[in-house]
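Q: can't give you the sequence, but here's the structure:
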């Protein structure tokens, strides 16, 4: 299963033109329910060590999704912005980075990060690494290319009530029409609406 996922503004942006996510991630920290893995370790994409505390409804949606992830596919822009989460993926055990540049020399040699220059090869490698678990694709230009290549099974959007007006699009520069099924998951959290759509084949 390949799921494309990100928090997104109502008008379809995952960040502004300067890669600032603004209020898109605020819902991760405004609830009273910690998101913890099965082993009890808290998820923390933020790098601040605080872990996520979300609404109960969001926790019940997000926790099983993140626990199912075996590998993440991301673009080089996001990798550079977060420095690959310092070699510790926020979910799953493996990361595949789509990039024409190699892994930075000496960068966290212990981490299971793999650099490939083609989206089809990236999904193939991620599926191999994930085994029976989910491959999570970050939205944006690389995610849009993977969708256009017919390699995304589901689209998951955490819709935040804000209008950006411009910025980095959820589907990147995807060209052409791609039909999705009706949403099979609709969860109302606090300041976020979780939606999941299967990609129509």
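A: Arrived safely, thanks for sending. Bear in mind that the values here come from a model prediction, so they are computed numbers and not experimental data.

Q: how about the strands in the chain?
A: When assigned using DSSP state E, the strands of the chain occupy the ranges 2-9, 13-15, 33-34, 53-54, 69-75, 94-98, 113-116, 134-138, 154-160, 168-169, 185-188, 193-198.

Q: so where's the protein uncertain?
A: Counting by pLDDT under 70, the low-confidence segments of the chain come to 37-50.

Q: Centre-most residue in it?
A: Of all residues in the chain, the one closest to the mean position by CA atoms, centre = their mean is residue 138, 3.7 Å from it.

Q: coming back round to it: single out the most deeply packed of the strands of the chain.
A: With neighbours defined by mean count of other CB atoms under 10 Å, none of the strands of the chain is more surrounded on average than strand 134-138, at a mean of 27. From N, CA and C alone the C-beta is placed, and that goes for glycine too.

Q: For that strand, which strands pair with it and how are they oriented?
A: For strand 134-138, the pairing partners within the sheet under DSSP bridges are strand 2-9 (parallel), strand 69-75 (parallel).

Q: possible to save those as TSV with distance to residue 198?
A: As requested, the strands paired with strand 134-138 are exported to TSV (distance: least, CB to CB, whole Å):
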stretch	distance to residue 198
strand 2-9	10
strand 69-75	18
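
Q: which stretch among those comes nearest residue 154?
A: Between residue 154 and these, the shortest gap by CB to CB is with strand 2-9, which sits at 4.7 Å.

Q: hmm, who's touching the closest one?
A: Outside of strand 2-9, the residues within contact range by CB atoms under 8 Å, 6 or more residues apart in numbering are 14, 21, 24-25, 27, 65, 123, 126-127, 134-140, 143, 146-147, 151-160, 162-164, 167, 170, 192, 196.
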